[in-house]
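> Show me how the following folds:
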Amino acid sequence: VGNRDDSNLYINMKLKAAAEIGISANHIRLPNTATEADVLKCIASLNADPAVHGFIVQLPLDSNKPINTEKITNAVAPEKDVDGLSSINAGKLSRGDLGDCFIPCTPKGCMELIRQTGVQVAGKRAVVIGRSKIVGAPMHDLLLWNNATVTTCHSKTSTLAEEVGKADILVVAAGRAEMVKGEWIKPGAIVIDCGINHVPDSTKASGKRVVGDVAYASAKEKASFITPVPGGVGPMTVAMLMQSTVESAQRFLEKFQPGKWTIQYNQLTLKMPVPSDIEISQSCVPKPIDQVAKEVGLFPDEVEPYGQTKAKVQLSVLNRLKNQPDGKYVVVTGITPTPLGEGKSTTTVGLVQALGAHLHQNVFACVRQPSQGPTFGIKGGAAGGGYCQVVPMEEFNLHLTGDIHAITAANNLVAAAVDARIFHELTQSDQALYNRLVPSVNGVRKFSDIQIRRLRKLGINKTDPMALTKEEVNSFVRLDIDPGTITWQRVLDTNDRFLRKITIGQSPTEKGFTRTAQFDITVSSEIMAVLALADGLDDMKRRFGRMVVASSKKGQPVTADDLGVTGALAVLMKDAIKPNLMQTLEGTPVFVHAGPFANIAHGNSSVLADKIALKLVGKDGFVVTEAGFGADIGMEKFFNIKCRYSGLRPHVVVLVATVRALKMHGGGPAVTAGVPLPKEYTEENLQLVAKGCSNLNKQIQNARMFGVPVVVAVNAFKTDTKAELALVVQHAKEAGAFDAVECTHWAEGGKGALALARAVQRASQAPSNFRFLYNMELPVVDKIRLIAQQVYGARDIELLPEAQEKVALYTKQGFGNLPICMAKTHLSLSHDPEQKGAPTGFVLPIRDIRASVGAGFLYPLVGTMSTMPGLPTRPCFYDIDLDPVSGGVNGLF
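As a prediction, the model looks like this:
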């Protein structure tokens, strides 16, 4: 702070020394008008900067504003306080914790000089003259903990000469010129002179010379070793500053080197019967999210807290860890489920709790963010269940950090742009459109970057708006959207069946331009799929630009880039692309990021969350992610779409099965949400279980088809018998599973998934020969047929006329080499939800095919399905309310 000549001289010496030995050092200059707050703000920034391993505050602070020096020095993070002046480092030194603190540089340099003499400090009598916080007091402590007998003298010591005469080691830092006389010194003593004083000297050009606190000429005759002034302690002080900075860097690298994490796990207090999910969640006290981040090796500037229990993680962590090997990649999927679900999310959380809290492995869960539509509709929350949950579950199930709201805003901006562009083209001439699209500002017209891209797409290589011909202006301003081909719908994150078909444009201001449209649920938006598949901000922006919203009347695809909206979408989504950090009940870390539908989209959490997690866990750690619906849908898309774009290769498939679902596949009565289970599901029935294992066998085959070891997790319910569970385990092993284990994690947390965790560890060491099901270059129909026959068990496929037209259109438009994302029922391997087990010989009807070009796939529609769910007679929101006492959330998420 300020511009003192002496301070600048000292700083330049330090900068020069740093440059000589390869330390990157710089001088931060604050003006002499700097306030205490200015200095503290600068210190806070340096404390949080992982690229800075140490810094010093040059004293005195030359400011015309009052500044508390003690407050400033104590604001420096102890682990970066290479000057050793903070109270924490001073306290550790005074207690003898020499290996866990930084020692002030001058005393450290004095001690090094004493060591260089070869004289043993232990047992010697040492005298320190001076008691300053910078030299005297820490020098006393340093000598004391090196086993010398130490006396500290000062200006009030009456017998100074007598005390000096007893010293084997004498360190002087009194600030008084030549106060210690040579005759006081014990013969053979080691004398360290820390003083710098100026005395008159007419022989010098400056009229003065520098002397120490010891009368050097006479003292050197009696001392065995003595430091000169200048040139003695001064250079050592600078050298020790360099050494402390190197030590700080070494400690930093050791602490943040990928390896075993040091995590505080939460101990569960299990109760029987198991309470409701929200009771369990709210009984847990989550760790502060900054603690979770620190435990897994994230730096403070890589984490953006949203309150106390969730945070965004910067993508820059990928660049920092780019040279670190990835951990083991595990995907959790399931057999064809009942409408109630079979516990994939619960198993995912139970597995990571077992691997982390019980087996002490580095492990991350990566899960999708749930939509509020099902949360308030029929399904409830998706945080897991029982003693295997992401917490706080109400935060997880509601707004989280606003990603889905950002997607809603971005999606609807595109929808508004589509209809507005049609309206303006219908009501304006070419020149009027051009004047508005490329307005004259202060007499100058200029194309925006996105308009330049459109010109290039049209083959117009001009940058001067005045140079376009009339024909070129017409091509530029007219997207000529065919309203009948618009595929981009508005979205809302609420189940509202009455928005499935609507009429828009009925206001008189729209001049008669009306059309039939619809609302979809937000998580079905292509923007959600793009978020989940993008590998960075630039990639996300490119994918946004490629999104096709309609076709022109000439059959050409119209994209978001053509609409000019790409940059705006990137701005709306710039925070949503950062994964959300949360934790499980037992304190293991979780990334919650993206939540694409598992039917018309690929049903997996984000590529970015998986990539960051794989780097953080290190080569011996595990990342466990979940694929939506059964293995025939979510797992197949995980392999053929997500892994294809991410470049990641899975090590293990965990296939979740339940006795309940197998009984259904064996011919049991229908299972309906909200209706009590028939007795076939609550009483032992080995015949139903055995017959239903056909579905289990097929899904095991599906996983093995991709060359990855399969571990079957039999998620046990309280109504299951030992014989039924044993039968499932036996069938799974006979069908080719690497292992199959019974799991009780819902009731016991990670402890109940220990057998599963150990099986996954073993399977991750087994040979894996991952392969895709099809090549991208195959014709669209052939790719669909491969999935239908190999994964579903169909005899063949049948393309209805509309689907045939789309195959021709998309192939013509250049989209035929995209992967396939089948949109079919999750309740059967076939297209008919009533066909259970493992049906064969059926023909799979393809009603239509649509394109998510930005996300990067074509999605054939098998049968009819809605992308806007409705509310049931008794929605979940009947049970959700605020607690009148605590203000928290009550309800059955």
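
> Please count neighbours and contacts with C-alpha atoms only from this point.
Fine.

> And the helices in the stretch 601-750 of the chain?
607-617, 636-637, 643-646, 659-665, 686-704, 722-734, 745-748 (DSSP state H, counting those that start in this stretch).

> can you pull the contacts of the closest residue to Leu662 other than its chain neighbours?
Take Leu662 and drop its neighbours on the chain: the residue closest to it by CA to CA, 6 or more residues apart in numbering is Gly692, 4.4 Å away. Contact analysis of Gly692 by CA atoms under 8 Å, 6 or more residues apart in numbering lists Ala661, Leu662, Lys663, Met664, His665, Gly666, Gly667, Gly837.

> Now tabulate those in TSV and tack on neighbour count and distance to Leu799.
Listed next are those as TSV, based on neighbours: other CA atoms under 10 Å; distance: CA to CA, whole Å:
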residue	neighbour count	distance to Leu799
Ala661	27	31
Leu662	28	32
Lys663	23	33
Met664	23	30
His665	29	28
Gly666	22	31
Gly667	17	30
Gly837	26	25
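
> And the contacts of the helix or strand containing Ser244?
In this structure, Ser244 sits in helix 233-256 according to DSSP states H and E. With contacts defined as CA under 8 Å, 6+ apart, helix 233-256 is touched by 13-14, 17-18, 23, 53-54, 79-80, 82-83, 102, 105-110, 192-194, 227, 297.

> what's the answer for stretch 289-303, then?
Applying CA under 8 Å, 6+ apart, the contact partners of stretch 289-303 are 48-50, 256, 258, 261-263, 305, 308-317, 581-583, 587, 589, 616-617.

> same thing but at 6 Å, please
Here stretch 289-303 makes contact (CA atoms under 6 Å, 6 or more residues apart in numbering) with Ala48, Phe256, Ile263, Gln308, Thr309, Lys310, Lys312, Val313, Gln314.

> circling back to that earlier point, got the CA positions of the helix holding Ser244 in CSV?
The C-alpha trace of helix 233-256 is given here as CSV (Å, rounded to 0.1, in the frame of the first residue of the first chain):
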residue,chain,number,x,y,z
VAL,A,233,20.6,-11.7,7.8
GLY,A,234,19.0,-9.6,5.1
PRO,A,235,19.7,-12.0,2.2
MET,A,236,18.7,-14.9,4.4
THR,A,237,15.4,-13.3,5.1
VAL,A,238,14.6,-13.2,1.4
ALA,A,239,15.9,-16.7,0.8
MET,A,240,13.6,-18.0,3.6
LEU,A,241,10.6,-16.3,2.0
MET,A,242,11.3,-18.2,-1.2
GLN,A,243,11.7,-21.4,0.8
SER,A,244,8.4,-20.9,2.6
THR,A,245,6.7,-20.3,-0.7
VAL,A,246,8.0,-23.5,-2.1
GLU,A,247,6.9,-25.3,1.0
SER,A,248,3.5,-23.8,0.6
ALA,A,249,3.2,-25.0,-3.0
GLN,A,250,4.4,-28.5,-2.0
ARG,A,251,1.7,-28.7,0.8
PHE,A,252,-0.9,-27.4,-1.6
LEU,A,253,0.0,-30.1,-4.2
GLU,A,254,0.0,-32.9,-1.6
LYS,A,255,-3.4,-31.7,-0.2
PHE,A,256,-5.1,-31.4,-3.6
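
> List the contacts of the helix or strand where Ala415 lies.
Under the criterion of DSSP H and E, Ala415 resides in helix 403-427. The contact list for helix 403-427, computed with CA under 6 Å, 6+ apart, reads Arg490, Thr522, Leu569, Ala576.

> and if you look at stretch 366-377?
So stretch 366-377 is in contact with 380-381, 493-495, 590-595, 605, 625-626, 871, 875-877, going by CA under 6 Å, 6+ apart.

> ok, now stretch 382-399?
By CA under 6 Å, 6+ apart, stretch 382-399 touches Asp277, Ser345, Thr346, Val349, Gly350, Gly381, Gln583, Thr584, Leu585, Trp746, Ala747, Gly749.

> Keep only those of those that are in helices.
Judged by DSSP state H, the contacts of stretch 382-399 include Asp277, Ser345, Thr346, Val349, Gly350, Trp746, Ala747 as members of helices.

> check contacts around the first one.
With contacts defined as CA under 6 Å, 6+ apart, the neighbours of Asp277 are Gly385, Gly386.

> circling back to that earlier point, out of the contacts of Gly692, which is nearest to Tyr681?
Proximity of the contacts of Gly692 to Tyr681 (CA to CA) peaks at Lys663, which lies at 7.0 Å.

> What separation do you get for the closest one and Val710?
To Val710, Lys663 is 22 Å away according to CA to CA, to the nearest Å.

> got it, and Met822?
Plainly put, Met822 is 23 Å away from Val710 if you go by CA to CA.

> neighbour-wise, which of the two wins?
The residue with more neighbours, out of Met822 and Val710, is Val710; 30 against 27, by other CA atoms under 10 Å.

> In contact with that one, which residues?
Applying CA under 6 Å, 6+ apart, the residues near Val710 are Val653, Val654, Ala737, Phe738.

> is it in a bridge, and if so with what?
Counting by DSSP bridges, Val710 forms beta bridges with Val653.

> Just the local confidence number for it, please.
Note for Val710: predicted pLDDT of 98.

> ok so, going back, let's have the helices of the stretch 601-750 of the chain in TSV, adding mean pLDDT.
Formatted as TSV, those follow (pLDDT from 0 to 100):
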stretch	mean pLDDT
helix 607-617	97
helix 636-637	98
helix 643-646	98
helix 659-665	97
helix 686-704	97
helix 722-734	98
helix 745-748	97
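
> Could you give the average pLDDT over the helix or strand harbouring Ser7?
Using DSSP H and E, Ser7 maps to helix 5-21. For helix 5-21, the mean pLDDT works out to 92.

> So what touches it?
For helix 5-21, contacts defined as CA under 6 Å, 6+ apart pick out no residues.

> buried residues in whichever helix or strand comes after that helix?
Later in the chain than helix 5-21, the nearest helix or strand by DSSP H and E is helix 36-48. For helix 36-48, burial by neighbour count (16 or more other CA atoms under 10 Å) applies to Glu36, Val39, Leu40, Ile43, Leu46, Asn47.

> ok, now stretch 667-680?
For stretch 667-680, burial by neighbour count (16+ other CA under 10 Å) applies to Gly667, Gly668, Val671.

> Which member of those is positioned nearest Gln790?
Closest to Gln790, out of all of the buried residues of stretch 667-680 and judged by CA to CA, is Gly667, at 23.8 Å.

> Strands of the stretch 401-550 of the chain, residue ranges please.
440-441, 444-445, 490-492, 502-504, 515-517, 519-521, 548-551 (DSSP state E, counting those that start in this stretch).

> wait, which of those strands is closest to Ile633?
Closest of the strands of the stretch 401-550 of the chain to Ile633 is strand 519-521, at 19.6 Å (criterion: CA to CA).

> Tell me which strands the closest one pairs with, and in which orientation.
Partners of strand 519-521 in the sheet, by DSSP bridges, are strand 490-492 (parallel).

> Look at Ala788 and give its secondary structure.
Three-state assignment for Ala788 (DSSP: H, G, I helix; E, B strand; the rest coil): helix.

> Just give the closest residue to it, not the sequence neighbours.
Ala794 (5.4 Å).

> Low-confidence stretches in the stretch 201-350 of the chain?
Scanning the stretch 201-350 of the chain for pLDDT under 70 picks out 256-258.

> All the strands of it, residue numbers only.
In the stretch 201-350 of the chain, the strands defined using DSSP E, counting those that start in this stretch lie at 208-211, 225-226, 303-305, 311-313, 328-334.

> any idea which of the ones you listed is most buried?
Greatest average neighbour count among the strands of the stretch 201-350 of the chain goes to strand 328-334 (a mean of 26), per mean count of other CA atoms under 10 Å.

> Phi and psi next, for Phe299.
Per-residue torsions, Phe299: phi -90, psi 160 (degrees, to the nearest 10).

> Compute the distance between it and Pro275, please.
Phe299 sits 37 Å away from Pro275, taking CA to CA as the criterion.
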